[in-house]
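[1] Turn this into a model:
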Amino acid sequence: MDRLRALGVGRDWMSGAELLDDPATFPRFVAARLAYRMLGRWAWLLLVPVVVSIVLRLPAFLLATAHGLGHHSPRALILLSATLVELVLLALIGGGAMRRSWRALSGVSLGTDSREPNRAARDRARALIAEGYHGFVSGHTCRAEVTDLVGGFYANPGCVADVVTEQQPRVPGLGLPPAFLAHRQVSWLELEAGSELHVRLLLARAPLPGSTLGERLATRPLQSVGGRDLRPELVATFPHGASWPVQPSGQLRRRRVRRWSALFVAVSALVSLISAFSEPLRDRLTLIRDVLPIAVPEAAAA
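    Numbering: from 1, shown residues only. The predicted structure is shown next:
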């Protein structure tokens, strides 16, 4: 780790390595930080070809406008459309390059892409419950958890510390790497043994500053609990209550469908808007209309 830190002298791309809540993710941590904080710092260079293209087109556009050739609006829309297409292509190229770099750098990582540090302890809890025990409590991973396993429970008290944890990307299909973000956590378990065993998990956590804009945009935000003053809240109870963390449901897939539908409606609206300005543009967008043959109201209804 000292040698890796030496590579980042004067930079913060290795900050938080000693706070990882799962040490086994260290190779993925290095790969993600290289992608977002080393390669990501130079992502603005992708805009250079777009700026150069606009500068080269401006003289011809201004010359044609000065001689009264054509209308201003169609030419401006053509320039805008070409610029938007170039930006989309460059974004795809940049995303593909980051994806290939992430896969190459994280090739030494052990385990699956979606690690669950508590999985082994949870499996142990299931085995103990099958033998007649009420549940199993473990620690060490800093991942607070209370899970109802039908007839028993698994619990982890978490920690009282600043930790760095792996956050999955917002859109997994794009192949972007996860980001390792820091947060402050306060959590503990309360076990009450009487006529019935009760387990309660109290937790508070809040994100810490230091993440880059690219990391915040690419990954799902960490759910804050307890506000800025970190006042612990009851988040899980057993046997009567919810588990923590909340398991993903079908809502995620429905949100993804809605986002793609909204993108389709936006593209349809953009095509309709551009084609409404002039007849030449309407003729040039015939091919796009063949690909997207429905209007905006029909797309919204779909």
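
[2] now the helices for the stretch 1-150 of the chain?
    Counting by DSSP state H, counting those that start in this stretch, the segments of the stretch 1-150 of the chain that form helices are 2-7, 26-33, 47-66, 72-105, 119-130.

[3] how about low-confidence regions in the stretch 51-200 of the chain?
    Segments of the stretch 51-200 of the chain classed as low confidence (criterion: pLDDT under 70) are 57, 60-83, 86, 90-91, 93-115, 173-175.

[4] could you say what helices and strands the lengthiest strand in the chain packs with?
    Criterion DSSP state E: the longest strand present in the chain is strand 179-192. The helices and strands touching strand 179-192, judged by 3 or more Cβ pairs under 8 Å, 6 or more residues apart in numbering; DSSP states H and E, are helix 26-33, strand 160-167, strand 198-207, helix 213-218. (Each C-beta comes from the backbone N, C-alpha and C, glycine too.)

[5] Go again with 6 Å.
    helix 26-33, strand 160-167, strand 198-207 (3 or more Cβ pairs under 6 Å, 6 or more residues apart in numbering; DSSP states H and E).

[6] could you give the angle of that strand to strand 198-207?
    Taking axes from the mean of the first three to the mean of the last three Cα atoms, to 10 degrees, one finds that strand 179-192 is oriented at 150 degrees with respect to strand 198-207.

[7] May I have strand 179-192 as CSV, with CA atoms only?
    What follows is strand 179-192 as a C-alpha-only set of coordinates in CSV (Å, rounded to 0.1, in the frame of the first residue of the first chain):
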residue,chain,number,x,y,z
ALA,A,179,-17.2,3.9,-6.6
PHE,A,180,-15.7,3.7,-3.1
LEU,A,181,-17.2,6.5,-1.0
ALA,A,182,-16.6,7.4,2.6
HIS,A,183,-19.3,7.8,5.2
ARG,A,184,-19.6,8.1,9.0
GLN,A,185,-21.5,5.4,10.7
VAL,A,186,-22.8,4.8,14.2
SER,A,187,-24.7,1.5,14.8
TRP,A,188,-25.2,-1.2,17.4
LEU,A,189,-27.5,-4.1,18.3
GLU,A,190,-29.9,-4.5,21.2
LEU,A,191,-30.9,-8.0,22.2
GLU,A,192,-33.7,-8.6,24.7
